[in-house]
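Engineer: Give me a model of this one.
(one chain, ligands or ions: 2)
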Amino acid sequence: MTRVQLRTQLRQARQALSAEEQKSAAQRVCNHLLNLPQVQSASTLATYIASPSELSLTPFIQALWSQGKRVVVPVVDPQQAGLMWFMPYQPSTPLQTTSLGIHEPLLDTDKAVPLAAIDVMCTPLVGFDQHGQRMGMGGGYYDRLLAPWFAGEHSHLLPIGVAHDCQYVDTLPSEAWDIPLPLVITPSKLWQFS
Ligand SMILES: Nc1nc2c(c(=O)[nH]1)N(C=O)[C@@H](CNc1ccc(C(=O)N[C@@H](CCC(=O)O)C(=O)O)cc1)CN2
Ligand SMILES: Nc1ncnc2c1ncn2[C@@H]1O[C@H](COP(=O)(O)OP(=O)(O)OP(=O)(O)O)[C@@H](O)[C@H]1O
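Structural biologist: Numbers count the residues shown, from 1 in each chain. Ligands and ions are numbered 1, 2, ... in the order given. Predicted coordinates for the structure are as follows:
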């Protein structure tokens, strides 16, 4: 199966989940995340605003807000292809909807939060495998962003893949630029990769 076919198949598996399954998955992943020592000690956490079939981080984000932590979410740069920023996200933050149906805050690069200030980064994904390799929506945004981290910079940063159980496959076709994740959390399991 090609990368494109696999992406389509995994997205369909995710779309087949019922609203109830989505809700319980979001709650279980939220509980796993809140129990992680690295999350408990984090001050700034990058999350994402889920599209309808993605695993929702809403319960997690609300818990972080109530704990007074700083939450930031990705905003794609409309001018520079492949570049993504992280903007502060609060209950009052106005959102816009991109052409792909993703909700994001307005981009204001002066107020963007640098990678160096982010302690935990929850990444959306379409698929992940036994080695922690991830497949995203195909933009390469997280691969580009995490390349310096993989090379040893920002070693305080913990990237965490967040997914439904049905997004696991034994082996993903990997490309030279793919950055493997150290940890993936699904409703039923914490997957640790060394
Ligand atoms: N909820 C959520 N927010 C997110 C992501 C995500 O996966 N989920 N992203 C995760 O990265 C970033 C946005 N990802 C994007 C990925 C692809 C394209 C895009 O333009 N895709 C083209 C085709 C690309 C290709 O196939 O080569 C398109 O669909 O027309 C845009 C944004 C940031 N925010
Ligand atoms: N570090 C990088 N530098 C330059 N280009 C990159 C880098 N990483 C990925 N790309 C480009 O991004 C494109 C998409 O990559 P890929 O299909 O692996 O994205 P993805 O992991 O599914 O998406 P995302 O990371 O946004 O969730 C590829 O065509 C690749 O050339």
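Engineer: Quick check: residues of the protein near ligand 2?
Structural biologist: Residues of the chain lying close to ligand 2 by CB under 6 Å from any ligand atom are 135-144, 147, 175, 177-178. (C-beta placed from N, C-alpha, C; glycine too.)
Engineer: Beyond the top strand by length along the chain, next helix or strand please.
Structural biologist: Longest strand in the chain by number of residues (criterion: DSSP state E): strand 70-76. Going down the chain from strand 70-76, the next helix or strand is strand 84-88, by DSSP states H and E.
Engineer: Sheet partners, orientation included, of the helix or strand that comes right after that following strand?
Structural biologist: The helix or strand immediately downstream of strand 84-88 is strand 95-97, counting by DSSP H and E. Next to strand 95-97 in the sheet, as set by DSSP bridges, lie strand 103-105 (antiparallel).
Engineer: Tell me how many other residues crowd the residue nearest to residue 76 when sequence neighbours are not counted.
Structural biologist: Using CB to CB, 6 or more residues apart in numbering and skipping residues adjacent in sequence, the residue nearest residue 76 is residue 84, 5.4 Å away. Residues contacting residue 84 under the criterion other CB atoms under 10 Å number 18.
Engineer: okay if I get the residues of the chain next to ligand 2 as a markdown table plus distance to residue 21 and neighbour count?
Structural biologist: As requested, these are exported to a markdown table (distance: CB to CB, whole Å; neighbours: other CB atoms under 10 Å):
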| residue | distance to residue 21 | neighbour count |
| --- | --- | --- |
| 135 | 21 | 21 |
| 136 | 22 | 17 |
| 137 | 21 | 16 |
| 138 | 25 | 10 |
| 139 | 26 | 13 |
| 140 | 29 | 16 |
| 141 | 27 | 18 |
| 142 | 25 | 23 |
| 143 | 29 | 17 |
| 144 | 32 | 14 |
| 147 | 34 | 13 |
| 175 | 31 | 11 |
| 177 | 33 | 10 |
| 178 | 28 | 20 |
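Engineer: got the end-to-end distance for stretch 35-49?
Structural biologist: 21 Å (CA to CA, to the nearest Å).
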